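Prediction below, plus the sequence it came from.
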Amino acid sequence: MKAWFSDSGQRVEVFIPSRRWFRPLMGRCCQACTPRSWDGFYHTRLSSLGFRSATWVTEEDTRYRGWLVRRICCVLAVGSWKVLTNTPGDLLERVCSNKRVQDVAASQACGCRGDSKFQQQCKEKVLGILAGIQAPLCLPMLRLCCWALLRFLSCLFFSVQLHRGQLDMVLRAVRRKPGVPLVFLSTHKSQLDGLLLSFLLFSQGLGVPRVTVGNLTCSPRLRALLGCLGAVFLPTRVEQALSDQDGELPVAVLASYVEEVLRSRQPLVVFLEEPSAPWHLSGPARAWLAPLYRAVRDGAVPDILLVPVGIAYDRTPDRFCRDGAEPSAQPLGLRACLWAACRALCRCFGCARVDLAQPFSLQEFVAKSLICQSSMGKPLEELLPTILGMLSSQPDYSRADGPEHRMTTSSEAEEEMMVTKLGLHALSDAIACSAVTAVGITSALLLHKHRKCVRLSQLMADFAWLLEETLLRQHDVSFSGQLRALVLHSLAMLRAHLTLYHLAPLGDVLVVVKDSAETQWELSCHSTQIVPIFASEAVGACAIRALLLELLPFVGEAPCPSSITFSEDELHHKILTLLQLLPPSLLGLKPCQPLDCQSQDILDKLTLCGLLEAEEEGERYLCDVSSRRCRTPHWTNLDFSDSDTDSDDNHCKRCFRICEPKDSPGFLLFFCHLLSPVLATYVRAVAFLEQHSWPQPEAMCARALQQFLAEENGLEHPMWSLVLSTLQSFKNIGVLKERPSPSGPLLHLTQPFCSSEGRRKLRAFLEQFMQL
C-alpha cells in the first residue's frame, strides 16, 4: 500500500496487487489517439477466460466423438476449419479498371489510353505484377500443410499459448463492426512467424489471412508454395518507386490489390520489423502500411480494424537467413526449408506465446492525428550544444515544431508522416502486449545483476522479485508453475552458455556464466524483452548516475548516495537529454506522448518504486508527487482573484533524495545496466567515426559499422538493431548529416566531430550515462 496527497489535499491510497492475485490483460490501445476504440473494444471480464494451447487438438474440437475420432481428430479438425473469404475471381479486371493503375499506365504509354493494343499490353503488365504479388489459394494444399504444421509445431514447442480473452476481444470487435476488414500488425521474431500466425488465425475461426513477406528472397518453387498458402510479396522496385518512373505501375497495382483484399474482407498480416532488426520499422512494413492509409483516406473502404500482435519464444527457432544486414545472396529453396525443419526437430525450443492487443480503428487514428498533430518533442539537434559544452537556452519540449511535425501542404509528406506515425504506434503497442518469457527474466538477471556466478537459491529469489516488478507494470508473462521448475527450465534453455556445479555441503547449485562474446550476445538477445518494461526506470537511473558523476569532483571522496539531494530541474534536464538521444522505439515509448510528459512520468515511477524520495525545498517531509506540469490543465494556472500575488511565488520546488528499497537491493545498479549494451555500442561507434572515410551511403556505412563492432567484440554478426539505432541517433543529434548527391543520399560527418576534441566530448557525453 502506497499513499500520497492529491491536488485537492485528500490522501490517495494505491493498492499494489501481488502476483498471486493479479495477472493483467495487456494490449490496451492508446486512449489519446483512439478514445472510442479504447472504450468500445474492451471488456473487463475477458481477463478471466484463461489460456489454451493452439497445438492441443482433441475430439472436442470436432463434431464427432468416439474411439476412432480420438485418433484422427487432427485430420477432422483441420478439415472442418472454414475459409471465410477468398480472392475474387475477377481480380485482374478489377485491378486493371482501377483509375490510378490506368493513369500510371497511360502516362507511360504517351497518351494511348483508348487503343486496344495499349489495353492488352497494360493487362499483360498488370497480370505479371499480380502474379508476383499473390496467387489464388489452393484449399487442398492449404489443409494438408496446416495438418503438417500442426504436427510440426507440436514437436517443436511444448505449447503455443493463446489467451482466450484476447481472441474473444477480437471476435467481438468483428461482430460489432461487420464488413470492416481486419489487419494484424505483428512483431517479427523468426521466419516461422508467418506460418505460425496463418495457422493460428485459420484454426481460431478468423479465416485464412494474407501474410506479407518482407526481404526474404525465395526460390520460384518455394514462392509458388507460399503463394498457394496465402503469402503475398512486394513487387520488385516498389520501395524506390517515388524516384523511378518504372516503379510507379507496381506501386499502383499493389495499392489496388490491397484495396481489393480489404473489400473482400480477407485478413491481412503485416510484419512491422525484420527478425534481425527488432524495434525498427522496416522498409517493407512502410510499403504495406501506405496502401492501407490510402484506402481509408480515399474512401475505398470505410474503415480498417488494426490488431497489434506480439510473439514471444523461449528460444527463437533457427532463422532461415543469417542474422545481418541482408539475407543471404542465395535464394531460400524448398529443400533448405525442409532440412532446417528436420534439424529443428532435434532441438527443444520451449514454449511460444502469441498475444493479440486491443483492436483500434484506423479511421479514428487518422482523424485524431490530423486534428491534434501529436508530437514526440523538439528536434533532436538541441543536444548538439550540450555535447559540445556550449550554452543554450532551455528548450520547450512540449511544443512540436520539428520538420516532421509541422503542418504541411504536401500530400506525399503528410502520407509519409502518417504512415511512420501509424507504424511506430502499432510497433509500440505490439511490443507492449508481448509476454515476457522465463528465459528473458533469467537472462536479464545473469547479464545485468549476476555477471559471473550466482547460487540457485539467490537466482530464484531475484527471479521472483523481477517477476513481481514485471506484473506490477501491467505486463504479462508467458509461463506459470512452481518457481524452482521455472528457473531450472530457463537454465536448461541456456545450458550451452552456463556451467552448473553442485554444492554438496549447502545443498545448492552454483550457476557460472561462461566468459565469451557469444554468451553475452545470447543473454543480451533474450534480455531485450524486459527493456521496454523497465525503460522509464532505466532512463531515470542513468540520469541519476550522470548527476552523481558530476558531483564527484566537488565532494572529494564518494559520499553516501542517500545523503545527496537533487533538484527537480536537474533530474528533468538529464532525463530529457537521454530521451532525446535514444530512439523512442528502442524504449517502447509511444510517439504521441511529448518528451516533458515522459520525463515527468519517469520521475513519478522512480518515486513510486522507491528509488527517489520527494522532498520540498528546505523541508524533510514527503510532498505531493502528483503535481505534474504536463498533466495540469492550462486554466488551473490562471488567477481569477483580485490578489496581486504572483502564483509562481507560492509554487514549491521539489527535491529528490536517492533511496535504496529495503526489499530490492541493487535496484539502481540493475536499472543502470539495462541500457549498457545500447550505450556501449554508441561509445564504440565514436572510434568508428575516426577510422571510416566520409561521405558514404547509409547502407554501406551500416555494414562497415557492423563489421567494425564484430571485430571489436569477437562476434560473427552483432545485433543489427543496435547498428541501426546508432546511426539513427547520430543523425538525430547532428553527428552525421544526410545530404543528396547524384548517386543518392550520402552520410557526412559534421564539422564539430571531424576533430579529435569533438569526438572526445561526444564520448564523454555518452559515457556519463553508462554503468561500467
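Cool, the structure landed.

Grab the nearest non-local neighbour of I304.
The spatially closest residue to I304, leaving aside those adjacent along the chain, is L362, at 4.2 Å (CB to CB, 6 or more residues apart in numbering). For the C-beta atoms, the positions are set from N, CA and C on the backbone; glycine is no exception.

Could you do F158 as well?
The shortest distance from F158 to any residue that is not its chain neighbour, by CB to CB, 6+ apart, is 5.0 Å, and that residue is C351.

wouldn't the one you found be in contact with F157 here?
Yes. Here C351 reaches F157: they are 5.8 Å apart, a contact under CB atoms under 8 Å.

thought the residue nearest to I304 was touching L292?
Yes. Counting by CB under 8 Å, L362 sits close enough to L292 to count as a contact (6.7 Å).

any common contacting residues for the two?
Shared contacts of L362 and L292 (CB atoms under 8 Å, 6 or more residues apart in numbering): V183, I304.

show me where pLDDT drops low in the stretch 201-350 of the chain?
Residues of the stretch 201-350 of the chain meeting the criterion pLDDT under 70: 237-247, 318-329.

Now do the end-to-end distance for stretch 168-184.
15 Å (CA to CA, to the nearest Å).

re earlier: can you count the residues close to the residue nearest to I304?
By the measure other CB atoms under 10 Å, the count of residues near L362 is 25.

what does the one 4 residues further on give?
Summarising burial for V366: neighbours were counted as other CB under 10 Å, giving 19.

same check, this time on G283
By the other CB under 10 Å criterion, the neighbourhood of G283 contains 13 residues.

T212 versus that one, what's the distance?
For G283, the distance to T212 equals 12 Å [CB to CB, to the nearest Å].

same question, R763
The spacing between R763 and T212, counted by CB to CB, is 41 Å.

V419 now?
Noted for V419: a distance of 15 Å to T212, by CB to CB.

try L384
Where T212 is concerned, L384 sits at a distance of 38 Å (CB to CB).

Kindly report the same for L171.
Look at L171 and T212: by CB to CB, they are 23 Å apart.

When those two are compared, which one has more neighbours?
Neighbour comparison, L171 and T212: the larger count goes to T212, with 19 against 13 (by other CB under 10 Å).

who touches the more buried one in this structure?
A231, V232, F233, L234, L268, V269, V270, F271, P284, W288.

what about it, which SS state?
Using DSSP: H, G, I helix; E, B strand; the rest coil, the secondary structure recorded for T212 is strand.

which residues does it bridge with?
Under the criterion DSSP bridges, T212 forms beta bridges with V232.

Find the nearest non-adjacent residue to S428, please.
With sequence-adjacent residues excluded and distances taken as CB to CB, 6+ apart, S428 is closest to K590, at 5.1 Å.

ugh, wrong one, I meant H425
Sequence neighbours aside, P591 is the residue nearest to H425 in space, at 6.0 Å (criterion: CB to CB, 6+ apart).

a helix runs through that neighbour, doesn't it?
No. Membership of P591 in a helix is not supported by three-state DSSP, which gives coil.

Quick check: the gap between it and R684.
Here the criterion is CB to CB. By it, P591 lies 28 Å from R684.

what stretches of the stretch 601-750 of the chain score poorly on pLDDT?
Scanning the stretch 601-750 of the chain for pLDDT under 70 picks out 616-653, 713-718.

Apply 50 and report the result again.
Using pLDDT under 50 as the threshold, the predicted model of the stretch 601-750 of the chain has low-confidence ranges 619-651.

any idea where the strands of it begin and end?
612-616, 654-658, 736-739, 746-749 (DSSP state E, counting those that start in this stretch).

who's in contact with the last one?
Counting by CB under 8 Å, 6+ apart, the neighbours of strand 746-749 from elsewhere in the structure are 689, 694-698, 701, 727, 731, 735-740.
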